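Chemist: Sequence isn't available, so here's the structure alone:
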C-alpha cells in the first residue's frame, strides 16, 4: 500500500535525473503533435471521412482529446486519442513490474490509435504510447507502448515490411527480438490459442538508460508507426474485395473485441481510472459477428492466416508462397 504523499522534487539519486530532465510536459506536447499529424494523415488517406474532435477537461487538471472517425470511405472507424491524467491512486492495471505503486499519486499521458478499415485487404492496426510519473518514496517514471498489426488477408511483403520497420525503430536486433516476443506474448488469446494478429513490438515499465534515451525511442516508435502503416494502406486501399472476404473480416474482428474486453490492460486501466467510457471503448470495431460453427473458420482460403497466428514466427524471413501475394 502506497503512503499518501504530496508531489515533491525528484531525488537526484533516482536514475541520475533532475526534475528538468524528466519532463512529462515535453512528452505530452509530443503526443499532442503526433495526434494531430496522424489525424491529418488518416483524413487525407480516407478522402471523405473527418474526425470528430472533442476535448474534455477534468477538475484536477486532466485532459482528454478524443478524435474519432466513423463511416469513412477507407476507414470504417478510426480512433486517435490523447489523454493526460492526474490522480491520487494509480490503478493496478497501469504496471506489472511495480505492483507496490498501486494507489500512489500519479500523472500519466498517452496516445492511443486503433484503425478498423472497410477493406479486408487493409489491416487493422494499433499504436499506444504512454508515460507515467508516480510519487512513491521516490518519484518513479516509466514509458510503455508499441504497435501491432492485425491483417485479415496476409500479404508477405506487407508483414515483412512492418517488421523491418519495427526492427529499425528498435535500433538493434537484440531489442527488436525482445520487444517482438513481448508483443507475441501480450497480444495472445489463450481461450482461442492464437495471437491477435502478426504482432510488432511491445514494451512496458520501460526506463532503461535514462529519460532522454527512453523518450527518443518512444518518439521513434511513434514516427515509425505512422510511416509503416501509411505505406501499407497505400498499397492496399484501392484493391477490390469479395463479400466472403468481408464476412471473414467481421469474424476476425470478433477476436479483436474479445481481446480488448477480456484481456487488454489498457481497457482495464481506462475503466479503473474513471476515464470517459466512450473513449475507453472507442477501440472496438463498429461491426462484428460471432457465427456458430462458421464455415469460413475451416476454409482453406483463409488457412494461411490462421496457421500463422502463433507466437515466435520470424516474419523477417517469411516465405513468399506461404501467404497471399495478389
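Modeler: Nice, thanks for sending it over. Fair warning: this is a prediction, and the values are worked out from it, not measured in the lab.

Chemist: mind listing the strands for the stretch 101-250 of the chain?
Modeler: For the stretch 101-250 of the chain, applying DSSP state E, counting those that start in this stretch gives strands covering 106-117, 124-135, 139-150, 188-189, 194-195, 199-206.

Chemist: would JSON lines of the ones you listed with mean neighbour count, distance to residue 73 and mean pLDDT be doable?
Modeler: Using the backbone N, CA and C atoms, a C-beta is placed for each residue, glycine as well. Listed next are those as JSON lines, based on neighbours: other C-beta atoms under 10 Å; distance: least, C-beta to C-beta, whole Å; pLDDT from 0 to 100:
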{"stretch": "strand 106-117", "mean neighbour count": "24", "distance to residue 73": "10", "mean pLDDT": "96"}
{"stretch": "strand 124-135", "mean neighbour count": "23", "distance to residue 73": "17", "mean pLDDT": "95"}
{"stretch": "strand 139-150", "mean neighbour count": "23", "distance to residue 73": "21", "mean pLDDT": "95"}
{"stretch": "strand 188-189", "mean neighbour count": "17", "distance to residue 73": "31", "mean pLDDT": "98"}
{"stretch": "strand 194-195", "mean neighbour count": "21", "distance to residue 73": "30", "mean pLDDT": "98"}
{"stretch": "strand 199-206", "mean neighbour count": "23", "distance to residue 73": "26", "mean pLDDT": "96"}
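
Chemist: Save these as a markdown table, and put in distance to residue 228 too.
Modeler: Shown next, in a markdown table, are the strands of the stretch 101-250 of the chain (distance: least, C-beta to C-beta, whole Å):
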| stretch | distance to residue 228 |
| --- | --- |
| strand 106-117 | 12 |
| strand 124-135 | 9 |
| strand 139-150 | 8 |
| strand 188-189 | 22 |
| strand 194-195 | 18 |
| strand 199-206 | 9 |
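
Chemist: so which of those strands gets nearest residue 176?
Modeler: strand 199-206 (6.9 Å; C-beta to C-beta).

Chemist: which residues are in contact with that closest one?
Modeler: 95-98, 142-149, 162-163, 166, 169-170, 176, 179-180, 182-184, 186-187, 214, 217, 221, 315 (C-beta atoms under 8 Å, 6 or more residues apart in numbering).

Chemist: Can you give the distance of that strand from its chain's centre?
Modeler: 9 Å (C-alpha atoms, centre = their mean, to the nearest Å).

Chemist: buried subset of the contacts of strand 199-206?
Modeler: Buried members of those, counted by 16 or more other C-beta atoms under 10 Å: 95, 98, 142-149, 162-163, 166, 169-170, 176, 179-180, 182-184, 186-187, 214, 217, 221, 315.

Chemist: who's in contact with residue 270?
Modeler: 277, 279, 280.

Chemist: Please, which helix or strand holds it?
Modeler: helix 265-272 (DSSP states H and E).

Chemist: Hey, what's the angle from that helix to strand 139-150? Just curious.
Modeler: Interaxial angle of helix 265-272 relative to strand 139-150 (axes from the mean of the first three to the mean of the last three C-alpha atoms, to 10 degrees): 120 degrees.

Chemist: just how off-centre is helix 265-272 within its chain?
Modeler: With C-alpha atoms, centre = their mean, you get 13 Å for helix 265-272.

Chemist: Which helix or strand lies directly C-terminal to that helix?
Modeler: Trace forward from helix 265-272 with DSSP H and E and the next one is helix 277-280.

Chemist: Packing partners of the following helix or strand past that next one?
Modeler: Where DSSP H and E defines the elements, the next helix or strand beyond helix 277-280 is helix 303-306. Using 3 or more C-beta pairs under 8 Å, 6 or more residues apart in numbering; DSSP states H and E as the contact test, no helix or strand touches helix 303-306.

Chemist: No further queries at this time; thank you.
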